[in-house]
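Trainee: everything below, folded, please.
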Amino acid sequence: MYNFRDLNYVDSPEEDDFPSESIVFNGVNIDKTIPEFRTLQVTGRELMGQTLDTLKVGQQDGERIQGHSIPPREIVVKYEVNAPTPQRFREIYYQLNSILAGVNNKIYFADDPEKYFIGTLEDASVPDGGRLSVVSDFTILCNDPHAYSVNEDEFTFADEEQQINVIANYKGKLYNDLSSNPNIILGAQADAVESRDPASFWWELEQENYFNIYTHDGISGSYTRTENYNTCRLMFKFNVFESINRSYPNFWQKYGIIDYTDKLQWLRDHMDSLTFNCWSYGHGSQGYSATVQYWDGEEWTGTQKNAASIPTLNSYTFDKGRAVDFIDSDGYMYFQTASNPASTSIPTIIYVDYAELQLQLSLPVSDSINIVNEGPLPVPVRFEITNHEDNGFIGITDDSESILLGSVGQVDTMDNKKSERLFTTKQDNSIGLSQWKINDGMIGVINQWNEEPMQSGSFEDPAVIQESRWRLRNSQPDITTAWGAGSSSGHGWHGPSASAKFQPDSQGSVSAQNFTARFYVQNLFGNMRESGLQNCNLWGPNQELLVSVEQWKDVNNHTKLSIRIGDNWALFRQGNGEWDNFFGSILVKRFGNNYTVSLENVEGSGPKTKQTITYTDPTSAKVLCTGMTYWKARWGNTTNYNNVMWNDLYDFWFQKDNVDEFVDIPNTFADGDTVNIDGGEYKVETSVNGTQMLILQNIASNPIMAKPGDNIVNFLYSDFARRPDVKAYIRKKYL
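Mentor: You can find the predicted model right below:
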């Protein structure tokens, strides 16, 4: 996008006699500047179609959509010129040519002065000759079809306690799919069902009824049962923890909260109220009646009733964190509504128009900014940062992207003892596989096809194959020897792994708190039908997973990248080709509670992609690192080599970074440094104190994007520094 920060439109069509669609071109109102010119009509700002890339496969009906994009926009301005003399007629067109000259001009119209387009004069019709009064038109090409808000929206830290509201309901809920919406509605019917715990509800509401409970609109979903004497009940199962995280992405990470106990305690301290609302009614052998209750961990209680024949509100409000006692170990709260029993001739039916959970939370001061995008489209965020005190790095993260400036490992003082290598790959063919333990390691399978992962098959003996460049290879003629047989179900990844436990350091310790590790791997394929996986892992004394970096590809798709830190996702990238044919370095660093993972494609034939992310995880950081596992795998029981990728390990080393004695060192950012990060659609540009810093530029492959709604953006900095001042800006865009 074009970042025009100050759109000083000195002329504005405020007078009543100007046309409603009067055009303002680079700040010049043509109708006002040229009195003989009048805008008649403007077209091309309306609905935009899409350019579709389609493919017809075989004899299938229709075509498949492979891609889509919005084409450039053409805005046509129809105008009228009434000149008093031939000389003035010529002067008018000299003026028009001057005003409309140049490329990438800022353009807005009187009927929509808060938004502008970026366009270039593309074409102009030739008016009829021999006249002083003509009607004609010209065409403006907008290579970027979007309109942008004239003013940027500004955000900064909220240094006073904020109060936010979270609403959990069934909007967007798909049957049997918790990823679409973490909340679920279950049904049950039985005699004395009111005495049964939530686990006895076995039947999920159908998709059509989810649609009907989507919003409070008077259209009800229903559940009907006919067995004599039985009541029927619908149970509303709300995932409180995940509902908060969906409403405010990255919420728990923002506060460094990981496990169940900490989340409960945080809610107990910061939840002002929780309210359950349910609009329901019921009918059975005893007429109209609906009962509403909540589960307190031991029984259904708090009974409310209504005898209405239309959806009627029953509501519970719990103050000051009291409802926390009713949240189970998975983060769920349970409510139910029920009708009276069925008879031999009258069924029992419960109707629900809408159900919701409302939470009111008081947020403490934090190192995050809530960027609210009130526009309809995602837009990049730009940042103006003023550093305080010496600081080694600035990190910016949201739920999908990260930008790192400087070095997370940089400290205000540094260790004057040398770091020690605890493991280095001996690229000596003569020792064979003696450095590795085969098929007995910790693997972190973090892709969506995680059925029955198996460490099986075998690597070839380097002493036998004697390649000039050492690597762990498994291209034996017998495919089962190379990859193992896999699961009998035919599902799941399987292949050989190589693990190593690190050697003691000079003090006899075999573990590391702070460390740097590097895997050098290839992840190559010959055609899009090939698939494969490789998984690089670091683990603790009891094989606790600390870091897992996984590259994997399924048939006819690009390579995907996943990174896991401890028990948490740090990155999941679907991939649009940027990770295809990777041959390079995966560098993992941990210093204190902070992890840095950097990937760089060095040798591959694919794009030379570079990605660096930072992640803070105090829980896993407590676990010392003692070993590694490299695992390569293929999917299923296919007995054909043609569809498997070339994934190999070429090198690995592990360095323990000792921190005992310190000397003062200069840092990346000094007190008072100003850092500007401009987020375009596809790149990040960074300047420090007004000078573009090529070293710091394009650290992340993508900028931080503000999606419509709330966007929690976290800021990281050295633990010896004070939080910088940050202003974040977005410019809303429209189609």
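Trainee: could you say which helix or strand holds the closest residue to Ser430 other than its chain neighbours?
Mentor: By the measure of C-beta to C-beta, 6 or more residues apart in numbering, the closest residue to Ser430 outside its immediate chain neighbours is Ala463, 5.7 Å from it. Using the backbone N, CA and C atoms, a C-beta is placed for each residue, glycine as well. Secondary structure from DSSP states H and E places Ala463 in helix 462-465.
Trainee: what is the subsequent helix or strand relative to that helix?
Mentor: Later in the chain than helix 462-465, the nearest helix or strand by DSSP H and E is helix 479-483.
Trainee: got a list of contacts for that following helix?
Mentor: Under the criterion C-beta atoms under 8 Å, 6 or more residues apart in numbering, residues 456-458, 474-476, 494-496, 633-634, 639-641, 644 lie in contact with helix 479-483.
Trainee: could you check how far Val28 is from Pro113?
Mentor: 14 Å (C-beta to C-beta, to the nearest Å).
Trainee: likewise Val547?
Mentor: 52 Å.
Trainee: check Gly297 too.
Mentor: Noted for Gly297: a distance of 58 Å to Pro113, by C-beta to C-beta.
Trainee: do the same with Leu234
Mentor: Taking C-beta to C-beta as the measure, Leu234 falls 51 Å from Pro113.
Trainee: what's the answer for Met693, then?
Mentor: Counting by C-beta to C-beta - Met693 and Pro113 are separated by 37 Å.
Trainee: also Thr424?
Mentor: 65 Å.
Trainee: settle this for me: Val42 is touching Ile107, isn't it.
Mentor: No. Look at Val42 against Ile107 with C-beta atoms under 8 Å: they stay out of range, at 10.2 Å.
Trainee: more neighbours: which of those two?
Mentor: When Val42 is set against Ile107 and neighbours are counted by other C-beta atoms under 10 Å, the residue ahead is Val42, at 23 against 19.
Trainee: could you measure from the more buried one over to Asp31?
Mentor: Counting by C-beta to C-beta, the gap from Val42 to Asp31 is 12 Å.
Trainee: what about the closest residue to Ala308 other than its chain neighbours? Give its phi and psi, please.
Mentor: Nearest in space to Ala308, with sequence neighbours left out and distances taken as C-beta to C-beta, 6+ apart, is Tyr281 at 5.0 Å. According to degrees, to the nearest 10, the main-chain angles of Tyr281 amount to phi -150, psi 160.
Trainee: is it true that Tyr281 touches Asn314?
Mentor: No. Here Tyr281 does not reach Asn314: they are 9.9 Å apart, not a contact under C-beta under 8 Å.
Trainee: can you list residues touching both of these two?
Mentor: Shared contacts of Tyr281 and Asn314, defined by C-beta under 8 Å, 6+ apart, are found at 290, 306.
Trainee: can you list the low-confidence ranges for the stretch 551-700 of the chain?
Mentor: Filtered on pLDDT under 70, the stretch 551-700 of the chain yields the residue ranges 637-642, 659-665, 681-682, 694-700.
Trainee: make it 50
Mentor: By pLDDT under 50, the weakly predicted segments of the stretch 551-700 of the chain are 660-662, 698-700.
Trainee: now do the helices in it.
Mentor: For the stretch 551-700 of the chain, helices defined by DSSP state H, counting those that start in this stretch occupy the ranges 618-621.
Trainee: ok, which stretches of it are strands?
Mentor: 560-565, 568-573, 582-591, 594-601, 610-616, 627-635, 646-656, 662-664, 674-679, 684-688, 691-692 (DSSP state E, counting those that start in this stretch).
Trainee: by how many degrees do the fourth one and strand 582-591 diverge?
Mentor: In this case it means strand 594-601. Using axes from the mean of the first three to the mean of the last three C-alpha atoms, to 10 degrees, the interaxial angle of strand 594-601 with respect to strand 582-591 works out to 170 degrees.
Trainee: send me strand 594-601 as CSV with only the CA atoms.
Mentor: In CSV, the C-alpha atoms belonging to strand 594-601 read as follows (Å, rounded to 0.1, in the frame of the first residue of the first chain):
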residue,chain,number,x,y,z
ASN,A,594,13.3,-16.3,25.5
TYR,A,595,13.6,-18.5,22.4
THR,A,596,14.8,-17.4,19.0
VAL,A,597,14.3,-19.6,16.0
SER,A,598,15.8,-18.6,12.6
LEU,A,599,15.5,-20.4,9.3
GLU,A,600,17.4,-19.4,6.2
ASN,A,601,17.3,-21.2,2.8
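Trainee: how about Ser309, what does it touch?
Mentor: Ser309 sits in contact with 281, 283, 288, where contact means C-beta under 8 Å, 6+ apart.
Trainee: 6 Å instead, please
Mentor: With contacts defined as C-beta atoms under 6 Å, 6 or more residues apart in numbering, the neighbours of Ser309 are Tyr288.
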